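Trainee: sequence first, then the predicted structure, then my questions.
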Amino acid sequence: MERSLNLTDTYRCPLCRQGDLQALTLIDAFACNFCRHILTADLDRQEVQVVDSSQPITWTWTGQRWQSLSHWGRPLTPLVWITTALLLSLPAGVVSLAGYLFPPLAPAPGLPFSLIWAAITFAAHFLLVLWLLAEHYQFPIYVTMQVRLLQQRPS
């Protein structure tokens with residue numbers, strides 16, 4: 001059964017996919033009762049857009065479910081690629097170079113500590129890049145986990 005987007009019905013939240021969207025009084029907007037985000041409604045175009053986020057994520061109502069119109073499918077910009085390359089290569093490269101220029105006085109068995117430290121540095125910066133991409137693109141799984149962690153926090 002297809003239905004058009006209107007302010008009298010409730011809909012599943014397209015952002016967290018857990019709560020329900022309910023209309024706000026006197027404005028063309030919805031609020032989620034789970035993640036507490038506010039979405040403006042364009043009833044003519046059958047779309048909602050998140051307004052309390054840094055990213056303008058938009059969904060269109062197909063009559064049965066939400067379809068994303070956001071920038072998830074767009075390619076990453078050259079600035080993102082350059083920043084990612086610098087965040088991954090510079091810190092790990094500096095640690096590796098320091099280990100090469102200043103080797104230990106007594107050789108130890110196994111991998112040198114500087115290589116292990118460089119690998120840990122690379123892994124930590126890789127996780128930082130993944131977190132930044134998840135924050136930028138607001139993947140639904142990431143947002144759901146974020147909301148659940150906030151709800152488990154003691155008041």
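Mentor: Great, that's in hand.

Trainee: show me the helices in the chain, by range?
Mentor: Remark: helices assigned in the chain by DSSP state H are 78-101, 113-137, 140-152.

Trainee: need those in JSON lines with mean pLDDT, distance to C16 and mean neighbour count, can you?
Mentor: Where you see a C-beta, it was placed from the backbone N, CA and C, and this is true even at glycine. What follows is the helices of the chain, written out as JSON lines (pLDDT from 0 to 100; distance: least, CB to CB, whole Å; neighbours: other CB atoms under 10 Å):
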{"stretch": "helix 78-101", "mean pLDDT": "92", "distance to C16": "25", "mean neighbour count": "14"}
{"stretch": "helix 113-137", "mean pLDDT": "90", "distance to C16": "14", "mean neighbour count": "14"}
{"stretch": "helix 140-152", "mean pLDDT": "77", "distance to C16": "5", "mean neighbour count": "14"}
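
Trainee: looking at those, which is nearest to C13?
Mentor: helix 140-152 (9.6 Å; CB to CB).

Trainee: now the angle from that closest one to helix 113-137?
Mentor: Calculated by axes from the mean of the first three to the mean of the last three CA atoms, to 10 degrees, helix 140-152 forms an angle of 90 degrees with helix 113-137.

Trainee: now helix 140-152, how far from the centre of its chain.
Mentor: Distance of helix 140-152 from the chain centroid (CA atoms, centre = their mean, to the nearest Å) equals 11 Å.

Trainee: which outside residues touch that helix?
Mentor: For helix 140-152, the external contacting residues (CB atoms under 8 Å, 6 or more residues apart in numbering) are 14-18, 34-35, 134-135.
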